[in-house]
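>>> Using only what follows, build the 3D model:
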Amino acid sequence: MNQVKTGKLIAKLRRAQGMTQEMLGEQLGVTNKTVSRWENGTYMPDIDKLLTLSDVLHISVNELLCGECAADAAAFTACAEENIKEVLQKSTVYSLKERIAYFRGKWLREHVLLLVFSIVGFCAAVFYAVWIAKTVLWIWGVFVGGCLLYIYLRNQMMIYVEHHAFDGTSDRGAVGR
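From the prediction side, this is the model:
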């Protein structure tokens, strides 16, 4: 699968139908910038968009992935065989452990502000409980609240990691970039 070749085919077929990038993007539920990235060969369309894109452009998914309209059945079969071989060779590039580590780090980067505010809030509560309130009940309350906050945030991170690492429908190509 040649991204540049596929992108040029998308651009050619889109123009042949008199569509702008924005019009094509609206039909697929993506922005015109995303369509532009496909056409420039920077990105490939997500798997869930390939079927709709092929329907809109009136070609097969195989032709879309090949980056050319098949002239005959032999060319179509050869292209399909090449696509299958490439997918099989690339399907196990990253181990589950690597995907989990990647998505855990991604969640932490995306939620750094939430984590900072949680830590600051917890420190403020500890300060109040130990130096101002000076009661055992407040200290235990802050301890239990901190534990619950940690459990909640950790569960949110693991839900995100499990959804992305095991399901693999989102960000699959992003691992290792």
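>>> ok, Val130 - contacts?
Val130 makes contact with Ile139, according to CB atoms under 8 Å, 6 or more residues apart in numbering. For glycine as for every other residue, the C-beta is placed from the backbone atoms N, C-alpha and C.
>>> What distance do you get for Ala73 to Ser60?
Separation of Ala73 from Ser60 (CB to CB, to the nearest Å) stands at 12 Å.
>>> Comparing these two, which residue is more hemmed in?
Ser60 (16 against 8; other CB atoms under 10 Å).
>>> Make sure that one is actually in contact with Leu51.
No. At 10.0 Å, Ser60 does not count as touching Leu51 under the criterion of CB atoms under 8 Å.
>>> following the least confident helix or strand in the chain by mean pLDDT, which helix or strand comes up?
Ranked by mean pLDDT, DSSP states H and E, the weakest helix or strand in the chain is helix 73-90, scoring a mean of 72. Sequence order places helix 96-110 as the next helix or strand after helix 73-90, per DSSP states H and E.
>>> contacting residues for the closest residue to Cys79 other than its chain neighbours?
Ranked by CB to CB, 6 or more residues apart in numbering and with sequence neighbours excluded, the top spatial neighbour of Cys79 is Cys66, at 3.9 Å. When the contact criterion is CB under 8 Å, 6+ apart, the partners of Cys66 are Met1, Lys5, Thr6, Cys79, Glu82, Asn83.
>>> okay, those residues in CSV with neighbour count next?
Listed next are the contacts of Cys66 as CSV, based on neighbours: other CB atoms under 10 Å:
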residue, neighbour count
Met1, 15
Lys5, 14
Thr6, 21
Cys79, 20
Glu82, 14
Asn83, 16
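>>> In JSON lines, list those residues along with distance to Thr20.
Below are those laid out as JSON lines (distance: CB to CB, whole Å):
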{"residue": "Met1", "distance to Thr20": "25"}
{"residue": "Lys5", "distance to Thr20": "22"}
{"residue": "Thr6", "distance to Thr20": "19"}
{"residue": "Cys79", "distance to Thr20": "28"}
{"residue": "Glu82", "distance to Thr20": "32"}
{"residue": "Asn83", "distance to Thr20": "29"}
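>>> Cool, thanks, talk later.
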